[in-house]
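Novice: With the input below, show me the fold.
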Amino acid sequence: MSTDFEMVVGLEVHSQLLTRTKLFCRCENRFGALPNTLVCPVCLGHPGVLPVLNREAVRLGIRLGLALGCTVHAHSVFDRKHYFYPDLPKGYQISQYTHPLLTGGVLTVRSGEGLREIRLHRIHMEEDAGKNLHAGIRDASHVDLNRAGVPLLEIVSEPDIRTPEEAVDYLKKLRQILRAVGVSDGNMEEGSFRCDANISLRPNGTSAFGTKVEIKNMNSFRFVQKALVYEYERQASLLQRGERVVSETRLFDSSTGKTSTMRSKEEALDYRYFPEPDLPPLVIDSRWVQEERDRLPELPQERVRKLSEEMGIREPDAEVLLLEEDFFRYFEEARQELSALARAGSWPEAQGTSRLVSFLLSEVLREWNRKGVPVLSGELRPGEIAYLVAQVVEERLSLNQAKEVYALCVEELRSPKTVIREKNLSQESGEEKLGEWIGEVLAENPAEVQSYREGKDRVFGFLVGQVMKKSAGKAHPQKANRLLKDALGR
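Specialist: Numbering: from 1, shown residues only. From the prediction side, this is the model:
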């Protein structure tokens, strides 16, 4: 990326709420039903119908606001946001504009080796639109209105984000909090967690904002990062040539990694907002807010602190462990199994925990991202990973051997014990056997031994290689090195 300009990013996240019914009617809020089967006159926008606000959706909004340190407003108002699109049956969306439910709050993200606070501008309630269907349909588009009326929270950040990496960490932390407090399932594949990004560039060292461009159609963290990198380079290239950046809405194409023009950017006046006449102002009792505050579960940042203080896990590693509940549960079960093995083997439990965290974040997390939840089950249950890590701690396997065993387990759906037995993989750390191999190598390579003793240190690597070759890779590398040096007398 060019270094002439600073990236300025604000994110708008739409998160569907975990309610049984829609925001203004009693239609079921459920993903995956046959098209247009979860609809009624209210969410279809028939004349004469009246919306009735879902109390549970308001409760979840309050809950998220408290988790993020927002101000929960005792008085908020619903508005009509007008625009024409086939998936919006009423011709307007019921949202909040002038008086949102929540304002303020912060979310702390990792920025390089440090931390930064990203301020939140506002969080407001609104109903979702339907969905246009194009896949497998020739010369036409279909509309599924099952999603129309599903309750949303739109979470709008201040333009405080400066890198694609900060943007991705912000989204991961936000989704983690949404899940932790039971507000949303955060499922990006199903559309319950969707993100638009507003990006502008300004010359380094300046404070005035540049021309803002909105990017839509990003349904994965990886796509958000790619879209921001591409858009930065596109805008930087325009500015370097003395050309103007146009304020517009662009779509991200995941197949090409590029953005393209969708439409000119709308302003608030284009939507012709006015107060929703069929809904009274929303008034929140302070006692209700306090009840939700008292019921909040332990938040992710507190769990990170505890893991760091009680187990000695680095905070960045603890954050990764906690991002996905399934993954953290797997770690907890493996740690308990490893603790029992540590007591039986009389070695420090902290040493095993450190090895376990490192192995999970390097090997298991990579396969989990590639294959999903199945790699956390079957022949690779937590106890099996604990056994594999214990083999490394007890120096029965080298770390590279353990990685090899795990890769075979994933591909062949077998347990580590089976793979180790069938491949005859074990590491020899006994001094007697290592000394036997070293003695044979020294006897077979007298010229190299003499060269080393005369000061040619590079020969040592050759001799180490011969020991590893004679042991078929089973010699403990560090111990073999130490014993070989002792035998050579230098």
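
Novice: low-confidence ranges in the stretch 351-490 of the chain?
Specialist: 426-430, 490 (pLDDT under 70).

Novice: ranges for the strands of it?
Specialist: Applying DSSP state E, counting those that start in this stretch to the stretch 351-490 of the chain gives no strands.

Novice: One more: the stretch 1-150 of the chain?
Specialist: Counting by DSSP E, counting those that start in this stretch, the strands of the stretch 1-150 of the chain are 5-16, 71-72, 75-76, 79-82, 92-95, 102-103, 106-111, 114-127, 131-133, 142-144.

Novice: Now mean neighbour count and mean pLDDT too, for the ones you listed, in TSV please.
Specialist: Any C-beta I mention is one placed from the backbone N, CA and C, and that applies to glycine too. Below are the strands of the stretch 1-150 of the chain laid out as TSV (neighbours: other C-beta atoms under 10 Å; pLDDT from 0 to 100):
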stretch	mean neighbour count	mean pLDDT
strand 5-16	21	97
strand 71-72	18	98
strand 75-76	16	98
strand 79-82	20	96
strand 92-95	20	97
strand 102-103	21	98
strand 106-111	18	95
strand 114-127	19	97
strand 131-133	14	90
strand 142-144	16	95
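
Novice: in the stretch 201-350 of the chain, what spans have low per-residue confidence?
Specialist: Using pLDDT under 70, the flagged stretches of the stretch 201-350 of the chain are 266, 268.

Novice: Now do the helices in it.
Specialist: Along the stretch 201-350 of the chain, counting by DSSP state H, counting those that start in this stretch, helices occupy 221-240, 286-295, 300-311, 315-323, 325-345, 349-359.

Novice: I'd like the ones you listed written out as JSON lines, with distance to Gln176 and mean neighbour count added.
Specialist: Listed next are the helices of the stretch 201-350 of the chain as JSON lines, based on distance: least, C-beta to C-beta, whole Å; neighbours: other C-beta atoms under 10 Å:
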{"stretch": "helix 221-240", "distance to Gln176": "12", "mean neighbour count": "18"}
{"stretch": "helix 286-295", "distance to Gln176": "19", "mean neighbour count": "12"}
{"stretch": "helix 300-311", "distance to Gln176": "5", "mean neighbour count": "15"}
{"stretch": "helix 315-323", "distance to Gln176": "6", "mean neighbour count": "18"}
{"stretch": "helix 325-345", "distance to Gln176": "9", "mean neighbour count": "17"}
{"stretch": "helix 349-359", "distance to Gln176": "18", "mean neighbour count": "18"}
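
Novice: a markdown table please, covering those and showing distance to Lys469.
Specialist: What follows is these, written out as a markdown table (distance: least, C-beta to C-beta, whole Å):
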| stretch | distance to Lys469 |
| --- | --- |
| helix 221-240 | 42 |
| helix 286-295 | 64 |
| helix 300-311 | 40 |
| helix 315-323 | 36 |
| helix 325-345 | 30 |
| helix 349-359 | 27 |
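
Novice: Of those, which is nearest Gly45?
Specialist: helix 286-295 (30.5 Å; C-beta to C-beta).

Novice: Tabulate the CA atom coordinates of that closest one in CSV.
Specialist: Only the C-alpha atoms of helix 286-295 are listed here, as CSV (Å, rounded to 0.1, in the frame of the first residue of the first chain):
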residue,chain,number,x,y,z
SER,A,286,-34.5,3.3,34.1
ARG,A,287,-35.4,0.3,36.2
TRP,A,288,-35.5,-1.9,33.1
VAL,A,289,-32.0,-0.7,32.1
GLN,A,290,-30.7,-1.5,35.6
GLU,A,291,-32.2,-5.0,35.4
GLU,A,292,-30.4,-5.7,32.1
ARG,A,293,-27.2,-4.3,33.6
ASP,A,294,-27.4,-6.7,36.5
ARG,A,295,-28.1,-9.7,34.2
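
Novice: Share the number of residues neighbouring Arg162, please.
Specialist: Here the number of neighbours of Arg162 (other C-beta atoms under 10 Å) works out to 15.

Novice: Look up how far Lys226 lies from the residue nearest to it when sequence neighbours are not counted.
Specialist: Of all residues not flanking Arg162 in the chain, Met7 sits nearest, at 5.8 Å (C-beta to C-beta, 6 or more residues apart in numbering). According to C-beta to C-beta, to the nearest Å, Met7 and Lys226 sit 14 Å apart.

Novice: OK, contacts around the residue lying closest to Ile313 once chain neighbours are set aside?
Specialist: The shortest distance from Ile313 to any non-neighbouring residue, by C-beta to C-beta, 6+ apart, is to Leu307 (4.7 Å). By C-beta atoms under 8 Å, 6 or more residues apart in numbering, the contact set of Leu307 is Ile313, Ala318, Leu321, Leu322.

Novice: what would the residues you listed look like in TSV with distance to Asp139?
Specialist: Below are the contacts of Leu307 laid out as TSV (distance: C-beta to C-beta, whole Å):
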residue	distance to Asp139
Ile313	56
Ala318	53
Leu321	49
Leu322	48
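
Novice: circling back to that earlier point, want to throw the strands of the stretch 1-150 of the chain into a markdown table with distance to Asn54?
Specialist: Converted to a markdown table, the strands of the stretch 1-150 of the chain look like this (distance: least, C-beta to C-beta, whole Å):
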| stretch | distance to Asn54 |
| --- | --- |
| strand 5-16 | 12 |
| strand 71-72 | 17 |
| strand 75-76 | 15 |
| strand 79-82 | 17 |
| strand 92-95 | 12 |
| strand 102-103 | 17 |
| strand 106-111 | 26 |
| strand 114-127 | 10 |
| strand 131-133 | 20 |
| strand 142-144 | 21 |
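
Novice: out of those, which comes closest to Glu379?
Specialist: Judging the strands of the stretch 1-150 of the chain by C-beta to C-beta, what sits closest to Glu379 is strand 106-111, at 34.1 Å.

Novice: So what are the sheet partners of the closest one and their directions?
Specialist: strand 114-127 (antiparallel) (DSSP bridges).

Novice: for the contacts of Leu307, which one is nearest Asn54?
Specialist: Looking across those and measuring by C-beta to C-beta, the closest to Asn54 is Leu322, at 30.1 Å.

Novice: With adjacent residues omitted, what lies nearest to Val9?
Specialist: Going by C-beta to C-beta, 6+ apart, Val9 has Ile161 as its nearest residue, at 3.9 Å.

Novice: Show the pLDDT at the closest residue to Gly130 other than its chain neighbours.
Specialist: Leaving aside its sequence neighbours, Gly130 sits nearest to Asp87 (C-beta to C-beta, 6+ apart; 3.6 Å). Listed pLDDT for Asp87 reads 93.

Novice: burial of Asp87, as a residue count?
Specialist: Per other C-beta under 10 Å, the neighbour tally for Asp87 reads 16.

Novice: Let me know whether it touches Ser141 as I believe.
Specialist: No. Contact criterion C-beta atoms under 8 Å: Asp87 and Ser141 do not qualify, at 9.5 Å.
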